[in-house]
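J.: What follows is a predicted structure for the sequence shown.
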Amino acid sequence: MRNRAIGIFDSGLGGLTAARELMKVLPSEDIIYFGDTGRVPYGNKSVDTIKKYAKQDVNFLLSNNVKAIIAACGTVSSVAKDLYNTVPVPYTGVLRPTAKAALNATKNGRIGVIGTTATINSHSYKNHISELSKDAEVFEVDCPLFVPLVENGFTDSEDIIVKSVVERYVSPLLEKGVDTLILGCTHYPILKNAIGKAMGENVTLIDSGRATALYTAELLRENNLLREEKTEGTYKFYVSDTPDNFENLAGVFLGKNIDNQVTQIQIEEY
Ligand code: DGL
């Protein structure tokens, strides 16, 4: 069991923000990544559709004998909560680790959350934070254009389109005086430079990918599931649309050439 891979999934590229951090934190672990690129974005879909997609993503990873699963997706973590009780291996979403990291970071107790429309409508981060602290105030904004920007390679913080979309979404949070901002969708750390510039250096950005990778390392340790061999981990990538676009963008993001290492699957069959 310990030597099996860790499964990570998201609607597309976003979960790579967790995968990349996990590669740093646990370099000996094998990773199987699934990006549902044929059905991205999830964040503007109905609750039932997101639940159905999440179940299929989990089933695909389980069919690959993974030892643990990370839903590296704020939308799935917020909407498909029943998965926590049904997945037969250790399973985590991004909410808990990210909410905790934000509470550790804030000094004035004013926390902003940006996420997909489904995530913001669920108030998942707000609810999680209020369970952990009575004093924190949470301000939420959905940013439905961020995922399409990232999936189409618009990530440069100097790009006029990126700049204006980011400023439009985050300026209400600046007016609220938040000192901490949760990037509540795993795609958003890919826009971190642009978001950081718009928020200014006094606001701490909480990367849900990083917080989740650190939490997963703890989860595996607690369950005695860390890989025994200390050789470098291997990575496999799967997508539900043609691999080309994912290969290019993911390769740049991970800083590794992954050409010919991405396989297309039929996710509807799972
Ligand atoms: N990266 C995902 C999230 O964290 C999914 C975004 C989407 O597909 O809309 O919410």
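T.: Perfect, thanks for sending it.

J.: where does S157 fall, helix, sheet strand or coil?
T.: Secondary structure state of S157, per DSSP: H, G, I helix; E, B strand; the rest coil, is coil.

J.: Does it touch M199 like I think?
T.: No: using Cβ atoms under 8 Å, S157 makes no contact with M199, being 11.9 Å away. Just so you know, the C-beta spots here come from the backbone N, C-alpha and C atoms, and that holds for glycine as well.

J.: Could you check which of those two has the larger neighbour count?
T.: M199 (22 against 15; other Cβ atoms under 10 Å).

J.: Look up how far I114 lies from the more buried one.
T.: 10 Å (Cβ to Cβ, to the nearest Å).

J.: Likewise for V203?
T.: Noted for V203: a distance of 12 Å to I114, by Cβ to Cβ.

J.: Same check on G38?
T.: Distance from G38 to I114, by Cβ to Cβ: 25 Å.

J.: In three-state terms, label the residue nearest in space to the middle of the chain for me.
T.: The centre of the chain sits closest to T186, judged by Cα atoms, centre = their mean, with a distance of 2.8 Å. Of the three states, T186 takes coil under three-state DSSP.

J.: overlap in contacts of V203 and I114?
T.: L181 (Cβ atoms under 8 Å, 6 or more residues apart in numbering).

J.: So for these two, which sits in the more crowded spot?
T.: Counting neighbours by other Cβ under 10 Å for V203 and for I114 shows that I114 has the greater number, 27 against 20.

J.: tell me the phi and psi of that one?
T.: phi -120, psi 140 (degrees, to the nearest 10).

J.: Wait, it touches G184, no?
T.: Yes: using Cβ under 8 Å, I114 is in contact with G184, at 5.8 Å.

J.: interface residues of the stretch 1-150 of the chain facing the ligand?
T.: Proximity of the stretch 1-150 of the chain to the ligand is confined to 10-11, 14, 40-43, 73-75, 116, 119, 147 under the rule Cβ under 6 Å from any ligand atom.

J.: Please enumerate the helices of the stretch 151-270 of the chain.
T.: In the stretch 151-270 of the chain, the helices defined using DSSP state H, counting those that start in this stretch lie at 160-175, 192-199, 208-222, 243-254.

J.: tell me the mean pLDDT over the last one?
T.: Averaged across helix 243-254, pLDDT comes to 88.

J.: Tell me the helices and strands packed up against that helix.
T.: In this structure, helix 243-254 makes packing contacts with helix 16-25, strand 235-239, strand 262-264, judged by 3 or more Cβ pairs under 8 Å, 6 or more residues apart in numbering; DSSP states H and E.

J.: tell me the most buried of the ones you listed?
T.: Across the helices and strands packed on helix 243-254, averaging neighbours per residue (mean count of other Cβ atoms under 10 Å) puts helix 16-25 on top, at a mean of 23.

J.: so how far is that helix from its chain's centroid?
T.: The chain centre lies 10 Å from the centre of helix 16-25; the measure is Cα atoms, centre = their mean, to the nearest Å.

J.: could you give the angle of that helix to helix 243-254?
T.: 50 degrees (axes from the mean of the first three to the mean of the last three Cα atoms, to 10 degrees).

J.: Show the subsequent helix or strand relative to helix 16-25.
T.: Sequence-wise, the next helix or strand downstream of helix 16-25 (DSSP states H and E) is strand 31-35.

J.: Off-centre distance for whichever helix or strand comes after that following strand?
T.: Scanning forward in sequence from strand 31-35 by DSSP H and E, the next helix or strand is helix 47-63. Relative to the centre of its chain, helix 47-63 is centred 15 Å away, using Cα atoms, centre = their mean.

J.: which residues are contacting the next helix or strand after helix 47-63?
T.: Sequence-wise, the next helix or strand downstream of helix 47-63 (DSSP H and E) is strand 68-71. Applying Cβ under 8 Å, 6+ apart, the contact partners of strand 68-71 are 6-10, 15, 18, 22, 54, 57-58, 61-62, 77, 80, 83, 87, 89-94, 212, 216, 219-220, 223, 225.

J.: List the pairing partners of strand 68-71 within its sheet, with orientation.
T.: Using DSSP bridges, strand 68-71 pairs in its sheet with strand 6-10 (parallel), strand 91-92 (parallel).
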